[in-house]
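Asker: Got a predicted structure here, sequence first:
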Amino acid sequence: MREALIEALFKKALPKKWLCLKMADITVGFPDRMVLTDDNRTFFVELKATKGRLSEIQKFRIDELRKRGYGIVTGK
């Protein structure tokens, strides 16, 4: 499945009160999306195409975010 389709389906699945921001060109390896919920929680989402995999820098960034208490979701 193409990443663009995965992203479209992902956005449709979120509750309407949640804000989903695409994190383009922020920092190399940073997750694709930041999601802000209506109860003030923040989590990050890294979307991959069917055969996609996390790069070493993405693994590093995800680990750094988790150490700081942020939720991370990765999916294909």
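Answerer: Ah, there it is.

Asker: Now Lys22: closest residue in space, sequence neighbours ignored.
Answerer: Arg33 (6.1 Å; Cβ to Cβ, 6 or more residues apart in numbering). The way it works is simple: take the backbone N, C-alpha and C, and place the C-beta from them, glycine included.

Asker: what about the one you found, distance to Arg66?
Answerer: From Arg33 over to Arg66 the distance is 16 Å, taken as Cβ to Cβ, to the nearest Å.

Asker: Looking at the two, which one has more neighbours?
Answerer: Taking other Cβ atoms under 10 Å, Arg33 and Arg66 do not tie; Arg33 has more neighbours (20 against 12).

Asker: can you give me the end-to-end distance of stretch 59-74?
Answerer: 11 Å (Cα to Cα, to the nearest Å).

Asker: Report the buried residues of that stretch.
Answerer: Neighbour counts over stretch 59-74 (16 or more other Cβ atoms under 10 Å) mark 61-62, 65, 74 as buried.

Asker: Reformat those as JSON lines; add secondary structure.
Answerer: What follows is the buried residues of stretch 59-74, written out as JSON lines (DSSP: H, G, I helix; E, B strand; the rest coil):
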{"residue": "Arg61", "secondary structure": "helix"}
{"residue": "Ile62", "secondary structure": "helix"}
{"residue": "Leu65", "secondary structure": "helix"}
{"residue": "Thr74", "secondary structure": "strand"}
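
Asker: Beta-bridge partners for the residue nearest to Lys22, please?
Answerer: In this structure, Arg33 bridges to Lys22, Val45 when assessed by DSSP bridges.

Asker: Quick one: neighbours of Val45, just the number.
Answerer: 19.
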